[in-house]
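In: Build me a model:
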Amino acid sequence: MKNKRLSPAAIIALKEALCSIYWYKNELRSFLSNCLNDRGLVASLDWNAYKRQIVSDLVDILCDDQERYLSALTKLCYETINLKSFSHLKQLDGGEQKARRAEEAVSQLRELVEPHQEIVKEQENIEKRKKEFSEKLKSNKAVREKLSELNKHFLSVATSSDPQRKGYDLEKLMYDIFELFDLDPKASFRNLGEQIDGAFNLESTEYLFEAKWKSGLIGVQELDAFSAKVARKLDNTLGVFLAMNGYSQDGINAHSVGRPNIILMDGSDLMAVLEERIDLVTLLIRKKRHAAQTGEIFLPAYRLEL
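Out: Residues are numbered from 1 along each chain as shown. As a prediction, this is how the structure comes out:
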């Protein structure tokens with residue numbers, strides 16, 4: 001995935017650190033072999049070349065195909081930034097200077113790589129949840145049957161020519177989906193003259209929910225109104241807006257600045273859930289995390305590489 005890739009600055013820092021942590025090539029070769037668990041790759045390098053060239057060639061191989069070598073690259077970075085002692089360098093001529101240079105190179109790499117490793121860990125957790133959800137679905141026949149039933153109901157709602165009825169049925173459908181995924185849903189309610197389509201709880205955060213099934217795109221004005229409803233609640237409240245036919249780019253941009261308090265779903269997101277390509281909990285967590293990290297409030301399901 002794109003956000004798992006090492007930055008160009010981190011790649012340069014990794015090369016510099018690998019050149020510095022061991023003075024002798026045989027020690028470096030042993031370190032690389034143990035880190036990578038791929039003796040064939042390590043052996044394929046030209047060990048008659050200068051150390052800097054060997055390191056550069058290896059890192060370039062790993063970085064040129066990060067989809068294939070991501071695990072190896074991540075482990076190499078992890079093992080390098082976790083080197084704490086450079087006493088082996090201090091024993092050499094000019095050892096204090098060599099050790100200090102290695103410490104500085106590793107420290108610089110650590111600053112660049114640690115945030116990346118948090119992302120990798122997060123992605124691994126997401127993949128783990130997706131796998132667990134898939135396995136859970138296989139072993140929970142009742143859940144799959146309910147999703148199939150809700151999907152059929154959704155398709156029947158989609159063919160309705162009554163906009164008011166369609167909106168009401170969509171609210172009921174979403175309540176059933178929230179309930180299926182144990183999100184403690186609340187049905188639509190009115191508070192201080194405000195109509196709220198529903199609410200649910202996820203990871204100790206309260207969410208207000210609003211759904212619109214209209215022919216056009218949802219724009220700035222409607223998102224402003226919903227965001228204001230959310231803002232009038234407690235600080236630990238966020239909003240999820242579902243617009244079956246999507247949003248205007250102006251509407252998305254207007255709420256993707258500052259500290260947004262809403263995240264967006266569209267009809268393709270809902271279909272991804274109903275067709276068992278992603279569970280609703282994972283979808284919402286990813287959307288929330290993406291908004292927190294980037295400010296962008298709309299992350300379509302197809303961008304999650306389902």
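In: from here on, contacts and neighbour counts on C-alpha atoms
Out: Will do.
In: quick one, strands of this structure?
Out: 189-191, 194-196, 198-202, 205-212, 237-243, 262-266 (DSSP state E).
In: so what does the last one touch, helix or strand wise?
Out: If contacts are counted by 3 or more C-alpha pairs under 8 Å, 6 or more residues apart in numbering; DSSP states H and E, strand 262-266 sits against strand 237-243, helix 280-294.
In: 7 Å instead, please
Out: Under the contact criterion of 3 or more C-alpha pairs under 7 Å, 6 or more residues apart in numbering; DSSP states H and E, strand 262-266 touches strand 237-243.
In: Likewise for the third one?
Out: With contacts defined as 3+ C-alpha pairs under 7 Å, 6+ apart, the packing partners of strand 198-202 are strand 205-212.
In: Need the contact partners of the strand it packs on.
Out: The contact list for strand 205-212, computed with C-alpha atoms under 7 Å, 6 or more residues apart in numbering, reads 167, 171, 196-201, 230, 236-244.
In: again, only this time at 6 Å
Out: Under the contact criterion C-alpha atoms under 6 Å, 6 or more residues apart in numbering, strand 205-212 has outside partners 197-201, 236-243.
In: out of the residues you listed, who has the most neighbours?
Out: Neighbour counts for these (other C-alpha atoms under 10 Å) peak at V240, which has 25 neighbours.
In: contacting residues for that one?
Out: V240 neighbours (C-alpha under 6 Å, 6+ apart): 209, 262-264.
In: 10 Å instead?
Out: 198-200, 207-211, 226-227, 230, 261-265, 284, 287-288, 297 (C-alpha atoms under 10 Å, 6 or more residues apart in numbering).
In: now L183
Out: By C-alpha under 10 Å, 6+ apart, L183 lies in contact with 175, 177, 199-203, 206-207, 280-281.
In: 7 Å - rerun?
Out: So L183 contacts 200-202 (C-alpha under 7 Å, 6+ apart).
In: and what of V157?
Out: 166, 169.
In: now the stretch 51-200 of the chain, which segments are flagged as low pLDDT?
Out: Where the stretch 51-200 of the chain drops to pLDDT under 70, the residues are 114-139, 189-196.
In: Can you show me the helices along it?
Out: 51-64, 66-81, 87-90, 95-139, 141-158, 163-180 (DSSP state H, counting those that start in this stretch).
In: Now those in TSV, please, with extra columns for distance to R303.
Out: Below are these laid out as TSV (distance: least, C-alpha to C-alpha, whole Å):
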stretch	distance to R303
helix 51-64	23
helix 66-81	17
helix 87-90	47
helix 95-139	14
helix 141-158	22
helix 163-180	22
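In: closest to L14 out of those?
Out: Evaluated with C-alpha to C-alpha, the helices of the stretch 51-200 of the chain place helix 95-139 nearest to L14, the distance being 6.0 Å.
In: before we move on, the earlier item: can you add distance to E16 and give the strands of the chain back as TSV?
Out: Shown next, in TSV, are these (distance: least, C-alpha to C-alpha, whole Å):
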stretch	distance to E16
strand 189-191	60
strand 194-196	57
strand 198-202	44
strand 205-212	44
strand 237-243	44
strand 262-266	41
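In: Return the backbone torsion pair for the residue lying farthest from the centre of the chain.
Out: Distance from the C-alpha centroid of the chain peaks at D93, with 47.3 Å (C-alpha atoms, centre = their mean). Torsion angles at D93 (phi, psi; degrees, to the nearest 10) stand at phi -60, psi 130.
In: Where does pLDDT dip in the stretch 201-306 of the chain?
Out: Judged by pLDDT under 70, the stretches of the stretch 201-306 of the chain that qualify are 305-306.
In: ok, A225 - how many residues close by?
Out: So A225, with other C-alpha under 10 Å, has 11 neighbours.
In: Surely A243 and S268 touch.
Out: No: A243 is beyond contact range of S268, at 9.9 Å (criterion: C-alpha atoms under 7 Å).
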